[in-house]
Every structure is written in C-alpha cells, then in structure tokens.
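Novice: Model the following, please.
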Amino acid sequence: MVRVLCSLSVPVGATVPDGPVAVHLEILDVSLADAAATPVARVDAVVTGRAELAGPYGIDAGLTPGRHYAVSAHVDCSGDGSIAPGDLLTTTRVAVPVDGGAALLDVPLTKIG
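Specialist: Below is the predicted model of the structure:
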C-alpha cells in the first residue's frame, strides 16, 4: 500500500467560493495509451476556503510496480456535481511514484472557463 499526499495549487486569480466546496481526487492507472484510465483509489472531501482547499489530502492505494499512475482532481466550485465553468481541474499529468514509499505531490489546478 502506498500513501500519496496531494497538495492542490489553485491558479493565481482564481476565485474559490466562501462556502463549502467538494474536492474529488483519484489515482488512475494510465498504463494503457489506447484505453480509458482506470481508477484505483479515490478520496472525497468537503472544504471551506482557499487555505483548507490546498490540503494535503491523503490517498492510500495498492499500486503495482511496472504500471503508470496519475492523480486527477476536480474541485466542484459550481456545486452541481459535474464539471462546469468555474470548477478547478487537473489538466496536466501528475505522475504517482510506485516505489512503495510515501509521496507528496503538487497538483496544479486549472479554472474551467
């Protein structure tokens, strides 16, 4: 079991609602280029404010050496449960190391316009 800690980086100038927002983080198996990514672990949280939004968030996952994994994040600022304008998402690959130790990853977010 690997413990992955994710710290979210909110883009400069992005507004975060003052009220509670839902944060969804997943570790995805992205080993196969011609297939959809497969979720292997997930954590959901409800946070308030920009400072609490940053985390860190802990995810425990059973990862297989030789496979490739990435973190996916969705901050539901719109509150509708789907990806919508105003939400924050990962848009770049954030690789998860599979060496068996704890990892602290910076997960940059992009505001969806």
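
Novice: Quick check: the gap between the residue most central in space within the chain and Asp34.
Specialist: In the chain, the residue lying closest to the centroid (C-alpha atoms, centre = their mean) is Ala73, at 2.6 Å. Using C-beta to C-beta, to the nearest Å, we find Ala73 at a distance of 24 Å from Asp34. Yep, even glycine has a C-beta here, placed from its N, CA and C like the rest.

Novice: what does Ala51 give?
Specialist: Distance from Ala51 to Asp34, by C-beta to C-beta: 41 Å.

Novice: More neighbours: which of the two?
Specialist: Of the pair Ala51 and Asp34, Ala51 is the one with more neighbours under other C-beta atoms under 10 Å, namely 10 against 4.

Novice: where does that one land on pLDDT?
Specialist: Listed pLDDT for Ala51 reads 83.

Novice: do Thr92 as well
Specialist: If you check Thr92, the pLDDT there is 94.

Novice: So which residues of the chain form helices?
Specialist: Secondary structure of the chain (DSSP state H): helices at 50-53.

Novice: give the contact list for Cys6.
Specialist: Residues near Cys6 by C-beta atoms under 8 Å, 6 or more residues apart in numbering: 25, 55-59, 71, 73, 94, 105, 107.

Novice: is it in a bridge, and if so with what?
Specialist: Taking DSSP bridges, one obtains Tyr57, Leu105 as the residues bridged to Cys6.
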